[in-house]
Structures are given as C-alpha cells and as structure tokens.
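test case, fold it:
(2 chains)
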Amino acid sequence: MITAQGLHKRYGAKVAVDDLSFEVRPGMVTGFLGPNGAGKSTTMRLMLDLDNGSGQTLFDGRRFGTIRHPMREIGAVLEAKAFHPTRTARNHLRMLAAGSGIPATRADEVLEFVGLADVKRKKPKSFSLGMAQRLGLAQALLGDPGTLILDEPANGLDPHGIHWLRDVLKSLAGQGRTIFVSSHLLSEMSLMADQLVVIGRGRMIYNGDVDGFVREFTQATVLVRTPHTTQLTTALGSLDGVTVEALPAAAAVAAATADPVDPAAVAALPAGSQPSGALRVAGTDAATVGEVAFHAGVLLHELTTQTASLETAFITATGASEEYVAHDLGPAPPPPQPPPAAGAETTGGAA
Amino acid sequence: MTDALRFEWVRLRTLRSTYWLIGLGLLVTAGVAFIIAFATRNDPLDATNVAAVLTGGAEFATFIPVFMAIIGIFATGHEYRHGTIQPTLTAIPQRSRLLLAKIIMTSLVAVVVVALSLVINLVIGLIFWGEVPSFDAPLDEVVPGYFLLVVLYTILGLALAQLFRGVPSALVVLLVTPLLVEGLISGLSLVPALDWLQPALKFLPFSAGARLLATEPYEPNGGPEFDYLDRWASGGVFAVFVAIILAVAWMLFKKRDA
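Okay, here's the model as predicted:
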C-alpha cells in the first residue's frame, strides 16, 4: 500500500505538482495518467525522495529513505536508459544487487524472465528502447519487491512487448503486489489498470476505478434516426436536462458506423420514402427516447446508445489542462466545387 | 554501509575505464621511472633521483594523481552523465552513505595503485642501481606524501564531478586550474607592479600539493621569489582546498533534486 499525502513541488514560480494525495492499493494495477508534462514523473520522483518537495509518501507506513533495503521492497524505474553504455546488462544488475544485499545470481534470473538472457553480456549502448525498457523492468524486479513504480514502461515496446508487459503486471498484481504505472496513453491503461489516478498540470483530475472515470467524463448519448426530426426534437424538449443536437447527414453516418464518411453510405442511408435525419440526444437513455417517440407518434429508423471511448473521456478530462498544446493544421483549402448541401435540418424537415 | 561499499566496488570493477586508467597510469609512470633510472645510472644514488624514479616523476608530471582523479570524476560524474543516479538512489537512498562509500572505495583503490606503482618502479630502479636505496629523509616523507597526494586528487575529482553533476566540467577544472590558472597567477606575480601577489603563491592549491613530493627546498630559478610552507603544511593547503569543494558538493548533493 502506497499512501501519498499532499505532494507538492514547484520550480520557481511554476507549480509542477499541486497538492496531490492518493492511495495505491495492493492486488491491482493502478494507472497514473496525464498528458505530457502533467507532472507524472515529478510525482514519482517525489514519492521516491529523489526530488525535494513537500508532502510525504508512505510505503506500508514508512518513508522511502528509512527502508533498509528499498530495492527489496520497492522496484522503481523512472528512466528507460539509466545505465552505463558499456557496463553489461548483467553487471548493471549485479551492481545494484550488491548495494541491496541481493544475491548476484538473481541478476541472471530476472534477465531470463524479461527475455534479455541472450544479450546479458553485451554492452547496452546498442539496446533499442524496447530492450532498455525490459532491462528497466528486470531492474525493478531484481529485489522481488512487493511494490512496483514504473514510469511509462510501455514506451518503445512493440505490440507483442506491450501485451507481454500487460500480462506480467496483471499477474504480479494478482500475486498481491502493489503496482503503480504511469502512461500518457489511455488505451494502454484501459487494458491494464484497475484503478486510475489522472492528473493534469499537477492537479488531481480523477482518482477511482476505470469505469467510474468513463462515467464521470463521458456522457452516454442516444443516436436517433427519424424522418420527423423537428417533431421529435419538440417532444424531447419537454424533458428536463435533455439536449438534442441535429447531426448533418454525413456526420450521422460517421457516428453510426464509426467509419470515415463514405458518400455512398450517405446516399444509401435513407431507406424509406422520406429521407431520415439524425439527432444526438444527451441526458437520457434510449428507452426514454423510444417512449417519447412512441407517444408523439414519431416513426424511428434507428435508436442506438453511444458510449464515448475511454480516449474521449481522457481528452474531456485533461483537455483544459494540457501543458503543451500543439495546433491543428490550418483550415483546409476550399474544395474546387461547393459540396452538395446535406444538412440534417434541411432534408429532415417533416410534419 | 557495507552494502554501499559493495555497490561501489562492483561499480568500479565493472567499468572498463577503471582498468584503462590504472593500467595506463602504471605503464606511463613505469616508463618515466625507466627513463630516469637509465639516464642517471652512472650518477651517485641521491634522494632526488630515487624519488623521481619511485613516483615516476610525479613531482613534475602528475600522471597517477590525474588518472586517479579521473576515476574519482567517473565515480560521481557517470551517475549524472548516464542517469544511473536514479537506480543508484533507489538502491541506496541515504545520500551521505553513498557519497562516503564512493570516497572510501576510490581512495582505497588509489592507495593500492600507488603501492603497486611504487613497487614496479622500485624494481625498475633496482635493475640500474644494483643496491636498495636508503629510505631516510626526505624519502621517508616523500613516499607517504605521494600516497596522500594521490588520495587527495582522487577525492578532488570525485567532489568536482559531484559539484558539477557531470564529467566534462570537472575534467576541465581539474586539468585547467593547475596548468593555466596557477601558471597565470605565478606569471602575473613576476610583473613588478603585481609582485604583491608573491606571498599568496604558497596558497595555490595544486602547486602547494606538489610540495608533498619535494626532495629539496623551492628554488625560484628566475621564477617568483617566495617560500612555500613546509611539506605537510603545503599538503594541508591542498587538503583544505579539496575539503572545501567536497563540503560544498556534499551539501548540495543532500539538498538538491537528484
């Protein structure tokens, strides 16, 4: 169990970590998420007493610096290539083992485990990022610790490696260990983590389980396709807290199929005699929309619940707190011919 | 503490530069010893020649002191250059203990290297001398002085690299200060208007440190006219210089982010 209380760090006037408190529980993988520059690494450095700041982190009730052989209890890797380029992988681990009272033979065991046995006597300066990450994991596992703290361990791994890492971390958590893993990629975390700590600009955005994160930061919406959009919009407007958005036909296809817009699909979609328009309804569920439509005598062509992906939730949650904001490409040059007007409002007007 | 010492021992042992620097230092000083012993083979055996052979000319060409200082620089500088300070501190989070282990282990290596070099150079000398020289004054002070000088250089290198948290700046200070800065100050003191600098020359740390190996009193020979403090006081000047750098480096290491 890791308990972080009031972690705070500033560089001059800039606050890097702003009063973060959270718990990392044993037996599960806790993902530590945030955009680049959110303060994830600084937080981890504070937890390990590498950086000076305020607040404290307790590992089963003890500060890191007071643990006699910390490597035997906490395996931490903050940088992928933290080794001397000409000291072999094996010697690198043997050196750390010597400093922690761990038998030297353990270095061979963990190198075998992470799949680096063949290159253990090679100089690691030629290691790829993926191999360096594996050496990092070997280093973290050297003391067979009950707690793992890993900063972006999947960075640079190939898909096979990521899959392997995920399985390893999940099974280590299954053995009752405490696993705290950072990433800026939500897709990675969603497959690995049970709990999330999400930060942006050093501040806590969310702390809880993965499903809760999606619930809190995404709104499930209902996609409705009907030839009578105006009538349905009016009927739904009488409900509290419900918002209705008319979708242009092309966007409606994209929303429904999750594919890039295909003009053929747009053309083919209106199956009935009347072209149907699409509405996105937020603030209620599909059953209620169906009921309202039924009572209003509105014909429906489609009624679908749409759940935003974890990725969308992440962008919603951290969008305002991105540290380094890149700009989109400028507006696309105007097309040679104006596209045919295909707005849902204009085509779907009925009643 | 034993764990930190074992860590440091494996760190030193698994670095190729350790072997290169020690090997090169022993070889070069043996070469210098050979040249001096050969050139003076028909001269009467005096303390100056014996000291020059035993130390491989360390009074004027500080090979082993500088090479051991580089080993000291690598002890702390590599941690920052290659980012290993993070795994190191997660293994041994007690920073003073870590730094002390580095000082003890590199100093021990320095002592062993000096002893080895003295033995090699003595054997080379004996080939030409045909008799064991007497280790009376000043050799009874030069030999321990040589040990002290090399240990101080080693600690200085380690402290400089810890202070600058890297290898290159520590190397520059180590090599440039004795050559250029101290040379410049000595040179300036020869300008009549600046001769008030001369009494301060005995406090130039590297020059003072070299007096640990002196077999004769300082002769100006056209250079600045002043008197050094005696051997051990001059060594003390160098030791204080090293201690100040080490104290600042140590304090900052405790205080700063790793």
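
in chain A, what residue comes closest to chain B?
Nearest residue of chain A to chain B, counting by C-beta to the nearest C-beta: residue A:99, 3.0 Å away. All C-beta spots, glycine's among them, are computed from the backbone N, C-alpha and C.

state whether residue A:318 is indeed within a strand.
No: counting by DSSP: H, G, I helix; E, B strand; the rest coil, residue A:318 is located in no strand; its state is helix.

surely it and residue A:203 touch.
No: using C-beta atoms under 8 Å, residue A:318 is not in contact with residue A:203, being 10.3 Å away.

neighbour count winner among the two?
residue A:318 (23 against 16; other C-beta atoms under 10 Å in any protein chain shown).

list the contacts of the more buried one.
By C-beta atoms under 8 Å, 6 or more residues apart in numbering or on different chains, the contact list for residue A:318 reads A:33, A:34, A:35, A:38, A:198, A:200, A:205.

next, format those residues as JSON lines and append distance to chain B, pLDDT and neighbour count.
JSON lines is the format used below for those (distance: C-beta to the nearest C-beta, whole Å; pLDDT from 0 to 100; neighbours: other C-beta atoms under 10 Å in any protein chain shown):
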{"residue": "A:33", "distance to chain B": "22", "pLDDT": "89", "neighbour count": "28"}
{"residue": "A:34", "distance to chain B": "20", "pLDDT": "85", "neighbour count": "28"}
{"residue": "A:35", "distance to chain B": "22", "pLDDT": "82", "neighbour count": "22"}
{"residue": "A:38", "distance to chain B": "18", "pLDDT": "85", "neighbour count": "26"}
{"residue": "A:198", "distance to chain B": "24", "pLDDT": "89", "neighbour count": "26"}
{"residue": "A:200", "distance to chain B": "22", "pLDDT": "84", "neighbour count": "22"}
{"residue": "A:205", "distance to chain B": "25", "pLDDT": "86", "neighbour count": "21"}
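
what does the stretch 51-200 of chain A have sitting close to chain B?
Residues of the stretch 51-200 of chain A found near chain B, taking C-beta under 8 Å from any C-beta of the partner chain as the criterion, are A:51-52, A:64-65, A:67, A:69-71, A:74, A:76-79, A:81-88, A:91-92, A:94-96, A:98-101, A:139.

filter these down to just the ones in strands.
Among these, the members falling in strands (DSSP state E) are A:74, A:76, A:77.

centroid-nearest residue for chain A?
With distances taken as C-alpha atoms, centre = their mean, residue A:186 lies nearest the centre of chain A, 1.6 Å away.

that one touches residue A:35, doesn't it?
No: Residue A:186 sits out of contact with residue A:35 when judged by C-beta under 8 Å, with a separation of 10.2 Å.

could you tell me which residues of the stretch 1-150 of chain B lie near chain A?
Residues of the stretch 1-150 of chain B found near chain A (C-beta under 8 Å from any C-beta) are B:3-4, B:6-7, B:9-11, B:14-16, B:78, B:82-84, B:86-94.

just the buried subset of those, please.
B:3-4, B:6-7, B:9-11, B:14-15, B:78, B:82-84, B:86-94 (16 or more other C-beta atoms under 10 Å in any protein chain shown).

residue A:8 sits in which helix or strand?
If you go by DSSP states H and E, residue A:8 is part of strand A:2-11.

would you pull up the residue in the stretch 101-250 of chain B closest to chain A?
Closest to chain A within the stretch 101-250 of chain B is residue B:101: 8.8 Å, counting by C-beta to the nearest C-beta.
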